[in-house]
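Chemist: no letters, just coordinates:
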């Protein structure tokens, strides 16, 4: 503080303030070392090494499966396909395919059926 | 970057360098700011060991704040003075009735003064510190910032988050109380009449 400040106090305190300014305790070498160590430790803790944020509610198996499939758009498509399949399955007219015709329906590889039967004819 | 290359760099710019991992900036800021922080903490607490703890904590908060430092909002020293004051007030409130460690007041660094003058200066500093410690917290802080740290009232107002008029009122009341407390010791400490 300048001399004018000292004079401005005008209350006999100027000399006390000056004495106090001259007696500021210097930091010890140990304190400086600790401050510098804190600084270096803070610098080493970069943004990439920050701990991951903890979720308020941990993920369940269903939530993880939901995300694995691709979220709501994929789930909507999946639900539509499932409902369509159900509708086709339940609305197929009865009697259209009888037991006899069903045999032919599963016989999709007649050559293999012939071989498997040991046919030599 | 070498240390002396940072000598003229403002604190705020050094803090940005620090946040970007510049080790020299960390060293310069440590050497530049720790003495000021330490001295201010001592003047508010009157105890060297506690002042060192506060200084370390205040500097640690600065390091942690570096990445989020908002340029142009406040000077680094203004921010530090506020942090130091808050830490000191917290300590004082936790440990009311703590005594002043007068023996912790350092010897004068100025070798030019004679031994008698140096002793008298030291006695004055001790007397003032004791009187300061008896002031209410806010008066104590305002008087130290204005008359020992030598800050201007607008900066003190920013540090204490009050108006300039309130700063003036606090320093004025603080000085009146100090004058009354030290009146009986002025002659003993080598002051006849400064007015």
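Modeler: In hand now; what should we look at? Since the model is a prediction, treat every value here as computed from it, not as a measurement.
Chemist: which strand or helix spans the residue most central in space within chain B?
Modeler: By CA atoms, centre = their mean, chain B has its centre lying nearest to residue B:40, at 1.6 Å. Element membership of residue B:40, judged by DSSP states H and E, is helix B:23-45.
Chemist: that helix packs against which elements?
Modeler: In this structure, helix B:23-45 packs against helix A:29-44, helix B:11-19, helix B:48-65, helix B:76-94, with contacts taken as 3 or more CB pairs under 8 Å, 6 or more residues apart in numbering or on different chains; DSSP states H and E. (Each C-beta comes from the backbone N, C-alpha and C, glycine too.)
Chemist: quick check on residue A:24: phi, psi?
Modeler: phi -70, psi 130 (degrees, to the nearest 10).
Chemist: can you report how many residues lie near it?
Modeler: Residues lying near residue A:24 (other CB atoms under 10 Å in any protein chain shown) number 20.
Chemist: give me the nearest residue to it, chain neighbours excluded.
Modeler: With CB to CB, 6 or more residues apart in numbering or on different chains as the criterion, residue A:24 has its nearest non-adjacent residue at 3.7 Å, and that residue is residue B:39.
Chemist: just give the number of residues close to the one you found.
Modeler: Close neighbours of residue B:39, defined as other CB under 10 Å, add up to 23.
Chemist: so it sits right up against residue A:23, yeah?
Modeler: No - shown here, residue B:39 and residue A:23 do not form a contact pair, counting by CB atoms under 8 Å, at 9.2 Å.
Chemist: need the overlap of contacts for the two.
Modeler: Taking CB atoms under 8 Å, 6 or more residues apart in numbering or on different chains as the contact criterion, residue B:39 and residue A:23 have no common neighbours.
Chemist: about what we covered before: let me see the confidence value for the residue nearest to the centre of chain B.
Modeler: What the model reports as pLDDT for residue B:40 is 96.
Chemist: doesn't residue B:78 make contact with it?
Modeler: No - with contact defined as CB under 8 Å, residue B:40 does not reach residue B:78; the gap is 11.7 Å.
Chemist: okay, domains of chain B per the record?
Modeler: B:1-98, B:113-195 (automatic domain parsing).
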